[in-house]
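Visitor: heads up, no residue letters with this:
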């Protein structure tokens, strides 16, 4: 049975303004194809989404998101930040519901810190989504050099 786009729901979570800018055109394209997009944003990202005419639900913490979401989406798309343990709460929420996750790295700094919770020990990349989207081959190579498992990476452009 062929799945219609109207059956697809993507949840987007953005913490930072840069992530919201990077996701804005993607969210608009999803909408044009009939994909349902539910957008959740921390304050800076919420402001950016609003400037693009994108409705988003303002959240201050993971619990705001988890408390209102009972239906699993087709995909959870997030940004990344240096708050790896907090970002990981979203990825774990999706993992517990067998939802694929993609976290997009839109910054060329702090590669391993975006996926490492140092309170869990010295191991790098101990907080990861299902896939990590990077902008280009340069970023891909830097992630590998920093210890990221290669099978997590996808070049998105």
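Guide: Now that the structure is in, tell me what you want to look at. Since this is a predicted model, take the numbers as computed values, not measurements.
Visitor: spell out for me which residue occupies the centre of this protein.
Guide: Geometric centre of the chain, nearest residue: residue 78, 1.0 Å, by C-alpha atoms, centre = their mean.
Visitor: partners of that residue in the sheet?
Guide: residue 13, residue 103 (DSSP bridges).
Visitor: which ones are touching it?
Guide: Counting by C-beta atoms under 8 Å, 6 or more residues apart in numbering, residue 78 touches 12-15, 19, 87, 90-91, 101-104, 129. For every residue, glycine as well, the C-beta is placed using N, CA and C.
Visitor: okay if I get those as CSV plus neighbour count and distance to residue 143?
Guide: Listed next are the contacts of residue 78 as CSV, based on neighbours: other C-beta atoms under 10 Å; distance: C-beta to C-beta, whole Å:
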residue, neighbour count, distance to residue 143
12, 26, 22
13, 28, 21
14, 31, 20
15, 23, 19
19, 28, 17
87, 24, 16
90, 21, 20
91, 22, 17
101, 21, 16
102, 18, 14
103, 26, 12
104, 24, 12
129, 24, 13
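Visitor: which of those sits closest to residue 141?
Guide: Distance to residue 141, by C-beta to C-beta, is smallest for residue 104 among these, at 17.2 Å.
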